[in-house]
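*Asks:* coords please:
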Amino acid sequence: MIGLVDCNNFFVSCERIFDRSLVGRPVAVLSNNDGCVIARSAELKALGIPMGEPYFRIKDIAPYLGIQFRSSNYELYGDISRRVIAILQEYAPVVEQYSIDEAFLQLTLPPDGDYLAFAASLRARILQWVGMPVSIGFANTRTLAKAANHIAKKRDDGIFLMPDNPSELLARIPVEDIWGIGFRLAKKLPLIGYRTALDLARMPHDECLRRFNICLARTVAELNGHSVVGHGEYNTATQSTTCSRAFGAPVVELQELREAVASYADTAAEKMRQMQRKAIGATIFLLTFPEYGPHPQDASATSLGIPFRRPTSNSSEILAQLAPLLPRMFQPGRRYKKAGVTFWGLDRPPLEQLELFQQPHAPPVRDNALAAADQINREYGRGTIRLLAEGLQQPWKMRRNLKTPRYTTSWDELPLVH
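*Replies:* Residues are numbered from 1 along each chain as shown. Next comes the predicted model:
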């Protein structure tokens, strides 16, 4: 049996764990630089505030509607996610994290086992130990488990077990709500008679392959109870990792751009070290604002990548190799709004490409200084120790004026009990 555990209104629920005054009130979590709404409580949805609504449009009416705003607190959200996953790993032999707020479970209970009772116990444990409300749906396939979870969210107990014959339920699910059906398919399928999940489940296999592709054929098979999606595919090694941010203010100086890229590269390199992976290369990308006035210019995006001399996750080695790229990419007079670094090749064996007369390096010694810095940052909060290349003042840092404390990842921001 496959279960899907989904945290309800995850970002908002994380905020409510430590601020109980937010319970029952309309709450909006904002994007980077407090730009727009990216998470909504049920009360905010009831007010008709859409996802992606710009903050400046609703901040003036917020006091009259009782809306509470919070900046994105990614450090807090990531830690709460890890705590939920840790509980799931105690309950199920196989846990496949699908996103920051979702995970698939694979388990088989004894013949007299009750999946609903199991789900209720798991849900109560997560709520008691973490404070996170979740919905849990069980079915024979991942696609049906997604549908079961969608139904569970609408139930007071938050759990649902898909029946052996789900035809009646599938007939009520619009085709656009099926997991794996993208925007284009959602528009095309109803035009040829496939309006519900049941309609799609009855699509002949030959027609599915002839008109569409193997991905949709797998979805059809899953709707019919044949588990063909997954089988460990979510546990495969990560192929790349990216760290990017929008700047809190336009960046026009090369030195500030260097600091930002160094900070993002170090953050991503730390993630690689946690995953015990190394990259074989990296790509820097930059985005600019449009320019007006006597010499107008459109917004632009530029990127440049290099392979590393050897696979690495060492921040100092990485920055030394990335340093020559930025002067080649920088355009004086342009206002930069975002930068990022992507490391690639993480799924490949850490083999070194030698030159013709080059002697192979000795196996690199574990970098104790980086390991110690990572440990300190985990215990005392990200940025407690950082590279000098990241700068001290960091005027480019994104705005999060409404951010709550990092209650669980920073000693200085622990909640106080009086």
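
*Asks:* contacting residues for residue 126?
*Replies:* Taking CB atoms under 8 Å, 6 or more residues apart in numbering, we find residue 126 in contact with 5, 84, 87, 132, 134. The way it works is simple: take the backbone N, C-alpha and C, and place the C-beta from them, glycine included.

*Asks:* please parse this protein into its domains.
*Replies:* Annotated domains of the chain cover 1-162, 164-236, 240-390 [automatic domain parsing].

*Asks:* mean pLDDT added to those, as TSV?
*Replies:* Output for these, formatted as TSV (pLDDT from 0 to 100):
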stretch	mean pLDDT
domain 1-162	93
domain 164-236	85
domain 240-390	82
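
*Asks:* could you dump those to CSV with distance to residue 401?
*Replies:* As requested, those are exported to CSV (distance: least, CB to CB, whole Å):
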stretch, distance to residue 401
domain 1-162, 6
domain 164-236, 33
domain 240-390, 10
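
*Asks:* which of these sits most buried?
*Replies:* The highest mean neighbour count among these, using mean count of other CB atoms under 10 Å, belongs to domain 1-162: a mean of 18.

*Asks:* where's it relative to the chain centroid, distance-wise?
*Replies:* With CA atoms, centre = their mean, to the nearest Å as the basis, the distance from the averaged C-alpha position of domain 1-162 to the chain average is 13 Å.

*Asks:* that older thread, narrow the contacts of residue 126 to those in strands?
*Replies:* Taking DSSP state E, the ones among those that sit in strands are 5, 134.

*Asks:* now, which of the contacts of residue 126 sits nearest residue 95?
*Replies:* In terms of CB to CB, no member of the contacts of residue 126 lies closer to residue 95 than residue 5, at 8.8 Å.

*Asks:* wait, that closest one sits on residue 87?
*Replies:* No - Residue 5 is beyond contact range of residue 87, at 9.4 Å (criterion: CB atoms under 8 Å).

*Asks:* mind listing the shared neighbours of the two?
*Replies:* Shared contacts of residue 5 and residue 87, defined by CB under 8 Å, 6+ apart, are found at 122, 126.

*Asks:* would you agree residue 17 is in contact with residue 129?
*Replies:* No - in this structure residue 17 lies outside contact range of residue 129 using CB under 8 Å: 11.2 Å.

*Asks:* quick check: longest helix of the protein.
*Replies:* Using DSSP state H to define each element, the chain has its longest helix at helix 254-275.

*Asks:* circling back to that earlier point, closest to residue 204 among the contacts of residue 126?
*Replies:* residue 5 (33.8 Å).

*Asks:* quick check: the closest one vs residue 123, distance?
*Replies:* Taking CB to CB, to the nearest Å as the measure, residue 5 and residue 123 are separated by 8 Å.

*Asks:* now the strands for the stretch 151-300 of the chain?
*Replies:* Along the stretch 151-300 of the chain, counting by DSSP state E, counting those that start in this stretch, strands occupy 159-161, 240-251, 279-288.

*Asks:* would you agree residue 3 falls within a helix?
*Replies:* No - remark: residue 3 does not belong to a helix; assigned using DSSP: H, G, I helix; E, B strand; the rest coil, it is strand.

*Asks:* can you tell me the SS state at the nearest residue to it once chain neighbours are set aside?
*Replies:* Spatial nearest neighbour of residue 3, chain neighbours left out: residue 105 (4.1 Å); criterion: CB to CB, 6 or more residues apart in numbering. Local secondary structure at residue 105 is given as strand here, using three-state DSSP.

*Asks:* pretty sure residue 105 contacts residue 98?
*Replies:* No - using CB under 8 Å, residue 105 and residue 98 do not qualify as a contacting pair, with a distance of 10.8 Å.

*Asks:* give me the common contacts of these two.
*Replies:* Overlap of the contact sets of residue 105 and residue 98 (by CB under 8 Å, 6+ apart) consists of residue 4.

*Asks:* about what we covered before: what touches both of residue 5 and residue 123?
*Replies:* A shared contact of residue 5 and residue 123, defined by CB under 8 Å, 6+ apart, is any residue touching both; here these are 134-136.

*Asks:* what's the closest of those residues to residue 57?
*Replies:* Minimum distance to residue 57 across those is 30.7 Å, recorded for residue 135 (CB to CB).

*Asks:* list the beta-bridge partners for that closest one.
*Replies:* Taking DSSP bridges as the rule, residue 135 bridges to residue 6.
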